[in-house]
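1. quick one, fold the following:
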Amino acid sequence: MKLLSTTPRRELVWYAAIMLLALALRVWDLGARSLWFDEATEYWVATAPLTQLAHYVSEGTGDPPLYSFLLHMWMKLGAGEAWLRSLSLIVSMGGVAGMIVLGKRLGGFTGAVTVGALAAINPADIRYAQEVGQYALMLGTLAWNLVAFHGLWRDGGKRWVIAWALSAFVATAAYYGAVFPVFAPFACVLFESLARRDGARVRRLAMGAAIYALLTVPVLWPVLPDQLARVLDTRSALAQAPEARPEGLKLVWRWLGNLIAFQFSGWPYTHVQAWVPIVCWFALAPFALVSQRRWIVWFVATWIVYGVASLFEIFPFGFRWGLIMLPQVVAVAGLGFAAAAHSRWWRLPVAVVYAGLVLVSAMSLPNLTMRNWIDKGRKLNWPETEDLRPVVAYWYEKSFDTQATYVFYGAAPAFAYYAQRYEATRNDLPPTWNLHCWHDENPPDYCRSKNIFYGSWLRRFPAPADRVMSIFSTMAGKPQELWIVFSHVHGNESVDIVQRMQANGYQVADVTEARAAAAVLLRLPSSSESDSSP
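-> Alright, predicted model coming up:
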């Protein structure tokens with residue numbers, strides 16, 4: 001007996017309702033947040049000429065170049081926050097459709113609804129459907145890759161081979177971590193086919209792998225050196241902070257929290273406790289195991305391969321990096337409920353657990369209106385919000401041409417994006433201009449133009465005094481008045497800098513603050529003020 005029994009026409013109504021829900025949650029507050037550091041960096045890289053885009057992607061982000069190529073073309077029609085993010089929204093909607101199809105193929109109509117609904121309301125999926133970045137493209141393509149892989153396994157045929165290879169290529173060309181969920185199930189099926197001496201399936205798998213390699217190698221080869229360098233940087237950082245690598249049960253709990261709790265609740269950036277989504281998910285997973293044993297094996301294999309890669313510091317585990325597992329994690333939960341619907345004894349308790357997972361997801365929606373309502377003090381950083389837009393507007397209204405402006409390194413990409421609206425910065429900035437302002441010994445002229453100074457990468461200076469000296473060096477002296485624009489601050493960097501500037505004789509004359517962003521006007525007292533001061 002099915003939990004949901006309906007006609008084909010009514011099935012389409014259910015699917016349309018899920019898609020409309022997904023669209024509403026992804027459109028809601030799409031442009032409410034300012035672009036933050038990562039998004040602004042993606043924007044600047046995508047301004048590169050098409051013929052040079054791969055080079056600038058490799059230099060600027062080190063990620064595979066597909067998303068930047070799509071964003072480059074998308075930006076020919078606009079560059080506002082909502083428009084830039086709508087590219088991610090569209091591909092995310094495609095991903096929800098893919099999850100519905102996957103649920104239908106694995107669990108019938110009930111599976112389509114339960115998997116599709118969880119995908120539609122998933123807070124992590126929505127979070128990155130509202131971001132200028134490659135994650136939504138990767139997620140949407142991985143959903144369809146699972147559909148194609150199911151067809152390749154069950155039906156065979158060249159169309160499924162080609163569909164799998166193309167979706168695997170797009171996912172990997174969008175995000176290098178996609179190789180784990182793409183090839184772990186592939187390897188399982190290949191080993192099983194070899195053990196069974198299933199020559200026909202082995203040939204289909206070989207054909208798919210060959211097509212994938214022919215498409216992927218030329219695209220990824222240019223960015224591989226940067227990715228390998230990042231791996232070495234990650235290993236070096238972890239070697240200096242061994243306490244960041246828990247062991248034993250703490251490691252397992254961190255993995256569960258970073259993966260399952262983050263995806264269904266935004267943990268630890270929301271008020272939801274990690275154990276709630278974890279318990280709900282593990283209550284549903286056994287029913288999926290009974291009905292979809294092979295898929296559970298593939299899921300566990302992917303989890304193990306991904307976990308081993310993280311242990312060797314090849315790829316970070318969980319949080320946004322763990323989104324590569326999201327389609328499989330959501331499918332397991334939804335299919336578990338669909339399988340339990342056939343049981344008279346388990347249907348009701350499992351329905352309650354599934355409803356709990358839906359409720360947790362709803363409480364963790366990343367839409368700014370929802371977050372402001374639930375977290376009135378905005379003490380938690382879900383989603384990442386660096387509200388430079390009102391700060392730049394205030395700075396432009398209150399500042400004078402005679403006042404210098406120093407842009408803190410973390411604020412540079414987003415500040416320049418918003419300063420363009422007021423023609424307050426140069427319009428000929430190259431795609432990776434901020435890297436040269438941060439790291440070049442003799443920065444280009446555009447790093448100090450129109451009395452705006454883009455600062456060095458201050459994190460390389462451990463002492464606050466050295467950071468202040470770097471500010472003065474960037475501005476070639478101590479101006480009488482200067483604005484310092486902060487954003488994407490680590491720890492107490494901004495407080496330390498302002499206090500150190502005050503120790504150098506400056507007084508705070510004006511300040512405007514927004515979430516994780518600020519502009520401070522500092523002024524040296526005039527000689528008359530100094531004489532009259534106590």
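2. and for the closest residue to residue 351 other than its chain neighbours, the neighbour number?
-> Using C-beta to C-beta, 6 or more residues apart in numbering and skipping the chain neighbours, the partner closest in space to residue 351 is residue 337 (7.0 Å). For glycine as for every other residue, the C-beta is placed from the backbone atoms N, C-alpha and C. Residue 337 has 29 neighbouring residues, counting by other C-beta atoms under 10 Å.
3. residue 337 contacts residue 284, doesn't it?
-> Yes. The pair residue 337 and residue 284 qualifies as a contact (C-beta atoms under 8 Å) at a distance of 5.7 Å.
4. between these two, which contacts overlap?
-> 350, 353-354 (C-beta atoms under 8 Å, 6 or more residues apart in numbering).
5. tell me how the chain divides into domains.
-> As assigned by automatic domain parsing, the chain contains the domains 8-30+62-374, 388-532.
6. tell me the mean pLDDT for the last one?
-> So that's domain 388-532. Mean pLDDT, computed over domain 388-532, is 91.
7. secondary structure class for residue 343?
-> coil (DSSP: H, G, I helix; E, B strand; the rest coil).
8. the strands in this structure, which residues?
-> Assigned by DSSP state E, the chain shows strands spanning 404-407, 448-449, 452-454, 481-487, 507-514, 517-523.
9. direction included, what does the first one pair up with?
-> Read that as strand 404-407. Sheet pairing of strand 404-407 (DSSP bridges) gives strand 452-454 (parallel), strand 481-487 (parallel).
10. restricting to C-alpha, output it in CSV.
-> Provided in CSV are the C-alpha atoms of strand 404-407 (Å, rounded to 0.1, in the frame of the first residue of the first chain):
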residue,chain,number,x,y,z
ALA,A,404,42.0,59.3,2.2
THR,A,405,40.3,55.9,2.3
TYR,A,406,42.1,52.7,3.3
VAL,A,407,40.3,49.5,2.3
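11. quick one: contacts of that strand?
-> With C-beta under 8 Å, 6+ apart, strand 404-407 has contacts from 395, 399, 415-416, 451-455, 471, 474-475, 479, 481-485.
12. now do the third one
-> For strand 452-454, the external contacting residues (C-beta under 8 Å, 6+ apart) are 404-407, 409, 412, 416, 419, 424-425, 434, 437-438, 443, 447-448, 474-475.
13. quick one: it to chain centroid distance?
-> Centroid separation for strand 452-454 versus its chain: 28 Å, with C-alpha atoms, centre = their mean, to the nearest Å.
14. and if you look at the longest one?
-> Using C-alpha atoms, centre = their mean, we find the averaged C-alpha position of strand 507-514 to lie 31 Å away from the chain's own average C-alpha position.
15. what residues sit buried inside that strand?
-> Judged by neighbour count using 16 or more other C-beta atoms under 10 Å, the buried positions of strand 507-514 are 512, 514.
16. measure residue 45 to residue 183 for me?
-> Going from residue 45 to residue 183 by C-beta to C-beta, to the nearest Å gives 28 Å.
17. neighbour count winner among the two?
-> Per other C-beta under 10 Å, whichever of residue 45 and residue 183 has more neighbours is residue 45, with 24 against 18.
18. low pLDDT regions in this structure?
-> Within the chain, the stretches with pLDDT under 70 are 1-5, 222-248, 527-534.
19. the same query, at a cut-off of 80, please.
-> Applying pLDDT under 80 to the chain picks out residues 1-7, 62, 219-252, 313-314, 342-344, 377-378, 424, 426-427, 526-534.
20. name the single longest helix found in it.
-> helix 81-121 (DSSP state H).
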